[in-house]
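Colleague: everything below, folded, please.
(chains A and B)
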Amino acid sequence: MRPFKFTTVSDISSATKSVAGKPNARFLAGGTNLLDLMKEDVERPEELIDITRLSLIQIKPLTEGANKGGISIGALGKNTNAANHPLIRQNYPLLAQAILAGASGQIRNMATNGGNLLQRTRCPYFYDVAMPCNKREPGEQPGCGAREGINRMHAIFGWSEKCVAVHPSDMAVALAALDAVVKVRSASGPERIIALADFHRLPEDRPEIDTNLRPGELITAIELPKNRFAEKSYYLKVRDRSSYAFALISVAAALELDGNRIVQARIALGGVAHKPWRALKAEQLLVGQEATEVNFKRAAEAEMADAKPLEHNAFKVELGKRSIVRALQVAFTGNRS
Amino acid sequence: MQEKNKVTGTPVSRIDGILKVTGKAAYATDYPVKNIAYAVLFKSTIAAGTIRSIDTGPAEKSPGVLAVITHKNAPKLKTDGGIRGGALLQSPKIEFHGQHIGLVVAETYEQARHAARLVKVEYDKSEAKVDFEKLSKEAVLPEDKEKADAKRGDAKAALQNAEFKVEAVYGTPIEHHHPLEPHSTIAEWQGEKVILYNSSQIVNGAQNAAAATLNIKTENVRIVSPYIGGGFGSKGGQWANLVLTAVAAKVVNRPVKLALTRQQMVNSVGLRQQNHQKVSLAATKDGKLTALAHETTTHCAIENEFVEPCGDCSKIMYEVPNSLITYRVVPMNLILPTYTRGPGKSTGSFALESAVDELAYQLKMDPIELRLKNEPTRDPSNGKPWSSRTTVQCLQEGAKAFGWEKRKAEPRQNQQGNFLMGHGVACGTYPAHQRPSSARVSLNRKGNAITARVELAAADLGTGTHTILAQTAADALGLPLNQITVKLGDSDLPPAAGSVGSVGASSYANAVHDVCVKLTDELIAKSGKQFFVRPTAAQLMVSENVADYQTRVDAKPPANADQYSSHSFNANFAEVRVDIATGMVRVTRFLAVTGAGKILNPKTARSQIIGGNVWGIGMALTEESVVDPRWGNFVTRSFGDYHVPANLDIGAMEAIFIREDDRVSNALGVKGIGEVGIVGVAAAVANAVFNATGKRIRELPITPDKLL
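Modeller: Numbers count the residues shown, from 1 in each chain, chains lettered A, B, ... in the order given. Sure, this is the predicted structure:
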């Protein structure tokens, strides 16, 4: 890898100061993605700022503020701890399931909650510096290798001619469904709060920019509002291998019911777009309806009607419909088998 | 020694297990060679053409760099010295994407890797032949005489007139071996002599190839390879990285270490070729096969041919009067394909055993019954008697153990909640050969304590070779197991066959047995006494007051071995669970019943069979190396993209061995189990998927999208 400067910081303000005005500096947390990318010469930071000593690991109930009754998840807590934390297992089992569906045990032990949101796409053209990729080489506009290439794993929603990559996170899909917000700090200005649904962006003309984080901003926590979804939620991940494989399609589904009538529904899809894809159309169709297979199907079909598959991933449209229905059924009945 | 006291045939734990789990077993890059420098290869980014210019200036000036070696300054090497796959930096010609075009040697690995990226290369591109789907139509007869069209009777005519027939094309993708230990080498020159610490499945083969390619005497190359972190065929033949490490060490006049990265593995050390296999079966309505045609189309490298023998199982598995086995091959701008676990048999059995299952369904006949009806009494390909054949026992004992009678004959009849359950069976086979191997044994006595040292240039792939040879020697010498030291994997030791083609166990164990018997004979002769009961070597060392004794043998296969057809056989039973909505398949139960002669160690043997089964399940469900047909690059370069099965993919695994005493194959009756464990596995899984879903998937792997 390229030579780089290594800086260690011990608190939030020195972290944000260290990175201010340095577009080629990166925070280093778990390193499970960044270091891989540096070894492959995809990421070329001139400076790594080690933030692992910051005390941002707590998971705690929120007793005040907009998300009172919800929880705060420290950005530097490990994925494994988040998945196993009693507050998350009891109140947000959808999130625990999603985290455990991602990566492998070893990676989850290293990966942090904030870092999970910032992981880069696993598009093979992005990862291979011999291949063209607008996300990796934005200035030169070399083209998108996947657009006309091998794109079985790629997007069916929201892609652009510049980029058809998908966001790889499972955790973020559940967070999108659960209306999470991301708290960020920077050297200048007050704390900023970004809704998870607005955190990642679509590729459009600037695929090199994955998120709406501004330069120099540090994620400090993820907050989840209180909700009534804990009883009726399910994370379904369809993949080529049972573990350590990225989603062909994943569905985070959550229902709040009054008897059999749906009061609120949350559906987010993974493996289909450059960001966790909130299935708002499907959600709206479900609200006020009975929780039946017919209604689930109608909602799923409406959502997937807008899909624009590429050469090798047309199967994701049908798979998406089936997966939404299955995830809603499991969320509703609790019966996975 | 009485049978009951023998350690051979007992489930002894690996004698090198503690060394491995405590990190004391040294693999190729683990040797603490002093003053070492690090080499990193850099590779072409086109698939066909020539290098127009190569600017190594910035790399040479980069901190820590000792040398940059390309075709412009590389020492002259012999390109036909036995190194597979070319890429020896002898010309500017590019024949595949990711061909080595140079290497950087530096003080540290990081410095070398960084500098390698500073090399600027310009190419003159020519049209690359990388789209197999298109090129397969241009395939021609291979040069390899063993791949000539093999005809018996008239299969085409019999197929035309058949009452029942199956004609289908089965596709298997490129696969990679991906052993956990990537190929790695340390080269250290000592005057004219070079020591190569290198992961080698054929120790003497690596020695010969390195010496010939470097244009030095064979005795000036020493290969040290006591432990190997998996090879699966990719460390059988040796590739450019071995010799280039020696070249780098010569150029910088220091020891050099070169380890491939996982991403570099896809175009450095061979692959399992992609195959289109057309299998045609004809049968009477009572299930007697009347014709079998197995026509394989595949690809090889531009300059070198390699064609895995996909038709081999079809030659011998069934009694059929009309048979046709053919191969066609098209050269492509991809790295040379090579031997890959169960070469030809694992992929070929997928096609054949799927077709047999299709025929059974058409005939409304149990697929086991169909196989039993076509069991050959002699090898149909050459008329030779079997040394032994266990297909019938494997099927019958397997059916019983697996609960085959509970299987529903019709698909989609076994739904459990969200899942369809299915059961499938498929057979497999692999040849059993002993190859010449030498061995030395040395006994040492201190008082009444006797220790033995067994030495040969054998290779232990991690499968337990050290252990089975210690067991063999312990019994043959009359010593306890813990008094035996086994030293393998060094070309300074007596030469031995490779650990390839399932010949390792039989070749090595027979050599070790022979040398121990010879040593005992010599001690008896030396004593000048007559014994009513043959004493053991251990007893003789004491009674004859011998302090040290050593002997050596050059063991050869039995003289009449080629009068028989010798093979291991198996039957595989798979239970799958298919998610109706998502198409995800899980193998919930798998049973392999294997007849592989004498099992020297049921514990390590079981592990090896299960290992083969797991790869077979990977072949069936998850593994595929994908080439971008525009550029010839692999898009599946890491374990995140190339899906080797994970623990969660594997359900309950069971391995049963058929007891057999086949002394025709070789004196000990050891047949080898390295390859047969993967043969027939993918077909058993695919047949189970059909039984579950009614969908016949003929293109592996069976990923969820194919079952929607």
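
Colleague: and chain A, what are its domains?
Modeller: Following automatic domain parsing, chain A resolves into domains at A:5-53, A:233-333.

Colleague: which of those domains sits most buried?
Modeller: Of all those, domain A:233-333 has the most neighbours on average by mean count of other C-beta atoms under 10 Å in any protein chain shown, namely a mean of 22. All C-beta atoms are positioned from the backbone trio N, CA, C, and that covers glycine.

Colleague: quick one: terminal-to-terminal distance for that one?
Modeller: Terminal residues of domain A:233-333 lie 10 Å apart, using C-alpha to C-alpha, to the nearest Å.

Colleague: could you pull out the helices for the stretch 1-150 of chain A?
Modeller: For the stretch 1-150 of chain A, the helices defined by DSSP state H, counting those that start in this stretch cover A:12-19, A:34-39, A:79-84, A:86-91, A:93-101, A:105-110, A:113-118, A:124-127.

Colleague: need phi/psi at the residue lying closest to A:M110 once chain neighbours are set aside.
Modeller: Distance criterion C-beta to C-beta, 6 or more residues apart in numbering or on different chains; nearest residue to A:M110, sequence neighbours excluded, is A:G30 at 4.4 Å. Note on A:G30: backbone dihedrals following degrees, to the nearest 10 are phi -70, psi -30.

Colleague: following the helix of greatest length in chain B, which helix or strand comes up?
Modeller: In chain B, with assignment by DSSP state H, the single longest helix is helix B:504-527. Sequence-wise, the next helix or strand downstream of helix B:504-527 (DSSP states H and E) is helix B:537-543.

Colleague: check which residues of the next helix or strand after that following helix are buried.
Modeller: Going down the chain from helix B:537-543, the next helix or strand is strand B:548-555, by DSSP H and E. In terms of neighbour count (16 or more other C-beta atoms under 10 Å in any protein chain shown), strand B:548-555 has its buried residues at B:Y549, B:T551, B:R552, B:V553, B:A555.

Colleague: got these as CSV, with distance to chain A and pLDDT columns?
Modeller: Shown next, in CSV, are these (distance: C-beta to the nearest C-beta, whole Å; pLDDT from 0 to 100):
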residue, distance to chain A, pLDDT
B:Y549, 51, 98
B:T551, 49, 98
B:R552, 47, 98
B:V553, 47, 98
B:A555, 44, 97
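
Colleague: in CSV, list those along with distance to B:M653.
Modeller: Listed next are the buried residues of strand B:548-555 as CSV, based on distance: C-beta to C-beta, whole Å:
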residue, distance to B:M653
B:Y549, 44
B:T551, 42
B:R552, 40
B:V553, 38
B:A555, 34
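
Colleague: so what's the residue count around B:A150?
Modeller: Neighbourhood size, B:A150 [other C-beta atoms under 10 Å in any protein chain shown]: 16.

Colleague: so it touches B:K315, yeah?
Modeller: Yes. In this structure, B:A150 is within contact of B:K315 by C-beta atoms under 8 Å, at 7.1 Å.

Colleague: which neighbours do those two share?
Modeller: Counting by C-beta atoms under 8 Å, 6 or more residues apart in numbering or on different chains, the shared contacts of B:A150 and B:K315 are B:S323, B:I325, B:S381.

Colleague: which one among these gets closest to chain A?
Modeller: Taking C-beta to the nearest C-beta as the measure, chain A lies nearest B:I325 of these, at 33.0 Å.

Colleague: hang on, that closest one in a strand?
Modeller: Yes. Residue state for B:I325 (DSSP: H, G, I helix; E, B strand; the rest coil) corresponds to a strand.

Colleague: quick check: mean pLDDT of the longest strand anywhere in chain A?
Modeller: Identified as the longest strand of chain A according to DSSP state E is strand A:247-258. What strand A:247-258 shows for mean pLDDT is 98.

Colleague: extract the C-alpha set from it and format it as PDB.
Modeller: Taking C-alpha atoms only, strand A:247-258 is exported to PDB below (Å, rounded to 0.1, in the frame of the first residue of the first chain):
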ATOM      1  CA  ALA A 247     -27.400  -9.800  -0.500                       C
ATOM      2  CA  LEU A 248     -29.000 -10.600  -3.800                       C
ATOM      3  CA  ILE A 249     -32.000  -9.100  -2.100                       C
ATOM      4  CA  SER A 250     -32.600  -8.300   1.500                       C
ATOM      5  CA  VAL A 251     -35.800  -7.100   3.200                       C
ATOM      6  CA  ALA A 252     -36.200  -5.400   6.500                       C
ATOM      7  CA  ALA A 253     -39.900  -5.700   7.300                       C
ATOM      8  CA  ALA A 254     -41.700  -4.300  10.400                       C
ATOM      9  CA  LEU A 255     -45.400  -4.100  11.200                       C
ATOM     10  CA  GLU A 256     -47.500  -2.400  13.900                       C
ATOM     11  CA  LEU A 257     -50.900  -4.000  14.100                       C
ATOM     12  CA  ASP A 258     -54.200  -3.400  15.600                       C
END
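
Colleague: which strands and helices lie in contact with that strand?
Modeller: Applying 3 or more C-beta pairs under 8 Å, 6 or more residues apart in numbering or on different chains; DSSP states H and E, we find strand A:247-258 packed against helix A:93-101, helix A:171-177, strand A:233-239, strand A:261-270, helix A:315-333.

Colleague: who does B:R577 bridge with?
Modeller: For B:R577, the beta-bridge partners are B:M421, B:R586 (DSSP bridges).
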